[in-house]
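> when you get a sec, could you give me coordinates for this:
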Amino acid sequence: LVCLFLVLLFNFIKSPSFFKISVNNGVLYGYLVDIFNRSSELIILAVGMTLCVASSAGTDISVGATMALAGGVSVYLLGTGNTYNMPWILAILAGLLVSIVCGMWNGFLVAKMKIQPMVATLILFTAGRGMAQLITGGNILYIKVPNFKYLGGFLPHIPVPTPILVAIIVVVLVSLFLNRTATKLYVESVGINPKASRLFGLNSNRIIWLTYAACGLCAGIAGMIATSRISSIDANNVGNLMELDAILAVALGGNSLAGGKFSLGGSVIGAITIQALSTTLYALKVTGDQLPLYKAIVVIIIVTLQSPEFKKFMNRYKAKRAAKAAGEGGIMIEKIKSKLRGNGFLLFVTIVLFFILYIAGAIAYGDRNFTSPQVFLNLFISNAGLIIAAVGMTFVLITGGIDISIGSVIGVVCMMLAWMMEIKHMSAGL
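Numbering: from 1, shown residues only. Below you'll find the predicted structure:
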């Protein structure tokens, strides 16, 4: 929630009109509306992913492919003519049924066959889009009937985008079902200790199986929305890599990927935060190919702030200040200082120094476009060789040594490369 607040606060400072919402042609427009609208599919996916993570301590990486498969089935049944081949609602239900079957298959592999969740769902991750391609014939199928856009656009006389309404309905229904019944307690119990839950009388396998089926249903609903947005099905792009954002939303929401206790609201906030970040970067004129880099940097910061090691560091810092204020000083402070000398603290200091220097450069050279995305990207491009060498040196340090010959090795490799290029050039000339 704090991360989302910081993103929104940055937008408010950068552009005061960010929170402006207007009504145009009877529908709502504005950055906030766009954030909630575009995050609808991710919110629905995050709901299902939260249940999977909580019950099995694993993730379903097939939700993106399931979206494409469900959408492909619905569009294929509706047809590409000027009228539907069958009632719209039946085609939607057929697509949702397929997504539930996909979730049940994943749940069977995880709960009954005891296959690691990521490996089990990897089957549909690779095969799901292939099946969608078979259904669509490898083509992009278009729906020509105008009312097909209602689910991914606007309902007549309703100013709120339909995807937002669908996401709210899904979150409310799942929340009520979890909190009004003992289901949430059962899922958390199985996630913490499935064997103890089984001895207590819970059917752990069935609970895990049902959570994956629910995750499949959520993927199907998200697939229907994504297909309706563009009035077509593109099996290659619908839901592409959305499983990664769904997992990230669960993590950003403060949920442990090790299973057990979970917060559905936290996952929803995590999904909105991801979309708010993307919208913010686009508003700052960041291009689509550069977006993942900036997104990754912000995510690293957010995850670092939520990491147990950072929290331990903050607790130690607070303890240090409390000890100094109380006049205890001495031994307690020395113990805290020795602990703060760990690698985690050094990494934190390095990150802080990087951003301090970057902000200082932005202030000093702001008139030279120092803050432009290209300049920021050049920082990584110009240091690419150093980054690669640092990765190799890390492995050496793990073994307790240091490779001081790395500079000479780089020189030899560059010399050999130049020699080979020269020989090739001379041979071409001959």
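> contacts and neighbour counts: CA atoms only from here.
OK.
> residue ranges of the helices in the stretch 101-250 of the chain, please?
Applying DSSP state H, counting those that start in this stretch to the stretch 101-250 of the chain gives helices spanning 117-136, 162-180, 183-192, 194-200, 204-230, 242-252.
> and among those, the most buried is which?
Comparing the helices of the stretch 101-250 of the chain by mean neighbour count (mean count of other CA atoms under 10 Å), helix 204-230 comes out on top with a mean of 26.
> tell me what angle it forms with helix 117-136.
Per axes from the mean of the first three to the mean of the last three CA atoms, to 10 degrees, the angle that helix 204-230 makes with helix 117-136 is 40 degrees.
> if you count contacts, what does helix 204-230 end up packed against?
Applying 3 or more CA pairs under 8 Å, 6 or more residues apart in numbering; DSSP states H and E, one finds that helix 204-230 contacts helix 40-56, helix 63-78, helix 88-107, helix 183-192, helix 194-200.
> got those as JSON lines, with distance to residue 417 and mean pLDDT columns?
Listed next are those as JSON lines, based on distance: least, CA to CA, whole Å; pLDDT from 0 to 100:
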{"stretch": "helix 40-56", "distance to residue 417": "47", "mean pLDDT": "94"}
{"stretch": "helix 63-78", "distance to residue 417": "42", "mean pLDDT": "93"}
{"stretch": "helix 88-107", "distance to residue 417": "49", "mean pLDDT": "94"}
{"stretch": "helix 183-192", "distance to residue 417": "54", "mean pLDDT": "92"}
{"stretch": "helix 194-200", "distance to residue 417": "57", "mean pLDDT": "86"}
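> how close does the most centrally placed residue in the chain get to residue 181?
Closest residue to the average C-alpha location of the chain: residue 245 at 1.8 Å, with CA atoms, centre = their mean. To residue 181, residue 245 is 29 Å away according to CA to CA, to the nearest Å.
> can you check residue 95 too?
In terms of CA to CA, residue 95 sits 28 Å off from residue 181.
> between those two, which has more neighbouring residues?
More crowded of residue 95 and residue 181, by other CA atoms under 10 Å: residue 95, with 29 against 11.
> for the closest residue to the more buried one other than its chain neighbours, give me its contacts.
Closest residue in space to residue 95, ignoring its immediate chain neighbours: residue 70 at 4.3 Å, by CA to CA, 6 or more residues apart in numbering. Residues in contact with residue 70 (CA atoms under 8 Å, 6 or more residues apart in numbering) are 94-96, 98-99, 220, 223-224.
> now with 6 Å?
Applying CA atoms under 6 Å, 6 or more residues apart in numbering to residue 70 gives the contacts 95, 99, 220.
> how many neighbours does residue 385 have?
One way to gauge burial is a neighbour count; for residue 385, by other CA under 10 Å, it gives 11.
> returning to that earlier point: looking at the helices of the stretch 101-250 of the chain, which is closest to residue 378?
Smallest distance to residue 378 across those (CA to CA): 26.1 Å, for helix 242-252.
> can you name the element that comes right after the closest one?
Counting by DSSP states H and E, the element after helix 242-252 in chain order, helix or strand, is helix 264-283.
> need the CA coordinates for that following helix. CSV is fine.
Extracted as CSV, the C-alpha positions of helix 264-283 are listed here (Å, rounded to 0.1, in the frame of the first residue of the first chain):
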residue,chain,number,x,y,z
LEU,A,264,-6.2,-11.1,-1.0
GLY,A,265,-6.3,-7.4,-0.7
GLY,A,266,-2.5,-7.2,-0.7
SER,A,267,-2.4,-9.0,-4.0
VAL,A,268,-5.0,-6.7,-5.5
ILE,A,269,-3.0,-3.7,-4.4
GLY,A,270,0.2,-5.3,-5.8
ALA,A,271,-1.5,-5.7,-9.2
ILE,A,272,-2.7,-2.1,-9.2
THR,A,273,0.8,-1.0,-8.2
ILE,A,274,2.4,-2.8,-11.2
GLN,A,275,-0.1,-1.2,-13.6
ALA,A,276,0.3,2.3,-12.0
LEU,A,277,4.1,1.9,-12.4
SER,A,278,3.7,1.0,-16.1
THR,A,279,1.3,3.9,-16.7
THR,A,280,3.7,6.3,-14.9
LEU,A,281,6.6,5.3,-17.1
TYR,A,282,4.6,5.7,-20.3
ALA,A,283,3.5,9.1,-19.1
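> quick one: average pLDDT of the helix or strand that residue 407 is a member of?
Following DSSP H and E, one finds residue 407 within helix 406-429. Helix 406-429 comes out with an average pLDDT of 72.
> roughly how far does the residue nearest to the centre of the chain sit from residue 304?
17 Å.
> before we move on, what about residue 168?
30 Å.
> ditto for residue 391
Separation of residue 391 from residue 304 (CA to CA): 20 Å.
> the more surrounded of those two?
Taking other CA under 10 Å, residue 391 and residue 304 do not tie; residue 304 has more neighbours (14 against 10).
> which secondary structure element contains the more buried one?
In the assignment (DSSP H and E), residue 304 maps to helix 291-306.
> quick one: residue 192 and residue 262 touch, right?
No. Counting by CA atoms under 6 Å, residue 192 does not reach residue 262; the two are 10.8 Å apart.
> quick one, which of the helices of the stretch 101-250 of the chain gets closest to residue 413.
Nearest to residue 413, of the helices of the stretch 101-250 of the chain and by CA to CA, is helix 242-252 at 36.9 Å.
> now the closest one, how far from the centre of its chain.
3 Å (CA atoms, centre = their mean, to the nearest Å).
> which strands and helices sit next to that helix?
Helix 242-252 sits against helix 63-78, helix 264-283, with contacts defined as 3 or more CA pairs under 6 Å, 6 or more residues apart in numbering; DSSP states H and E.
> buried deepest among those helices, which one?
helix 63-78 (a mean of 30).
> output that one in CSV, but only the C-alpha positions, please.
Provided in CSV are the C-alpha atoms of helix 63-78 (Å, rounded to 0.1, in the frame of the first residue of the first chain):
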residue,chain,number,x,y,z
VAL,A,63,-2.3,-18.7,-16.6
GLY,A,64,-1.3,-16.6,-19.6
ALA,A,65,-1.6,-19.6,-22.0
THR,A,66,-4.9,-20.5,-20.4
MET,A,67,-6.2,-17.0,-21.2
ALA,A,68,-5.3,-17.5,-24.8
LEU,A,69,-6.8,-20.9,-24.9
ALA,A,70,-10.1,-19.8,-23.3
GLY,A,71,-10.3,-16.8,-25.6
GLY,A,72,-9.6,-18.9,-28.6
VAL,A,73,-12.3,-21.4,-27.8
SER,A,74,-14.9,-18.7,-27.3
VAL,A,75,-14.0,-16.8,-30.5
TYR,A,76,-13.9,-20.0,-32.6
LEU,A,77,-17.4,-21.0,-31.4
LEU,A,78,-18.8,-17.5,-32.0
